[in-house]
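Novice: Fold the stuff below for me.
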Amino acid sequence: MRELIQMLENLSNDLEEFFSRFSRRQPTPQQIKNKIILDRKLRKLKKALTPDEIIFPMLLGIIILGAVGFLAIKLS
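Specialist: Predicted coordinates:
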């Protein structure tokens, strides 16, 4: 029982040390560049999917066509 308690205490200390080291870690220059590129791509995607007068009717039409096609296949 004492060994188990000692193991749990050691595990707790190891986890605290890991998280304290992990929180101080700085991203590498390559990671910073990758984040900038990813943010740029996400911004473009969000901009492309912003609701305007074209996107909603188009998506609704695609959904309706898909449902009609699905029903036509299932009912035939």
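Novice: neighbours around Ala48, how many?
Specialist: 8 (other CB atoms under 10 Å). (C-beta placed from N, C-alpha, C; glycine too.)
Novice: And Gly66, by the same measure?
Specialist: 10.
Novice: Equivalent analysis for Arg40, please.
Specialist: Neighbours around Arg40, by other CB under 10 Å: 10.
Novice: Need the mean per-residue confidence for the helix or strand hosting it.
Specialist: In this assignment (DSSP states H and E), Arg40 forms part of helix 29-48. Taken as a whole, helix 29-48 has a mean pLDDT of 92.
Novice: and the angle for the helix or strand immediately after it in the chain with helix 29-48?
Specialist: Proceeding N to C from helix 29-48, the next assigned helix or strand is helix 55-75, under DSSP H and E. Here helix 55-75 runs at an angle of 80 degrees relative to helix 29-48 (axes from the mean of the first three to the mean of the last three CA atoms, to 10 degrees).
Novice: Distance from the chain centre to helix 55-75, please.
Specialist: In terms of CA atoms, centre = their mean, to the nearest Å, the gap separating the centre of helix 55-75 from the centre of its chain is 28 Å.
Novice: Over to stretch 39-48?
Specialist: 14 Å.
Novice: related to what we said a few turns ago, and for the helix holding Arg40, what's in contact with it?
Specialist: Pro27 (CB atoms under 8 Å, 6 or more residues apart in numbering).
Novice: Swap in 10 Å and give it another go.
Specialist: Applying CB atoms under 10 Å, 6 or more residues apart in numbering, the external contacts of helix 29-48 come out as Gln26, Pro27, Thr28, Ile55.
Novice: Return the set of buried residues in it.
Specialist: By neighbour count on 16 or more other CB atoms under 10 Å, the buried set for helix 29-48 is empty.
Novice: By residue count, what's the longest helix in the chain?
Specialist: helix 2-24 (DSSP state H).
Novice: Pull out the buried residues from that helix.
Specialist: Buried residues in helix 2-24 (16+ other CB under 10 Å): none.
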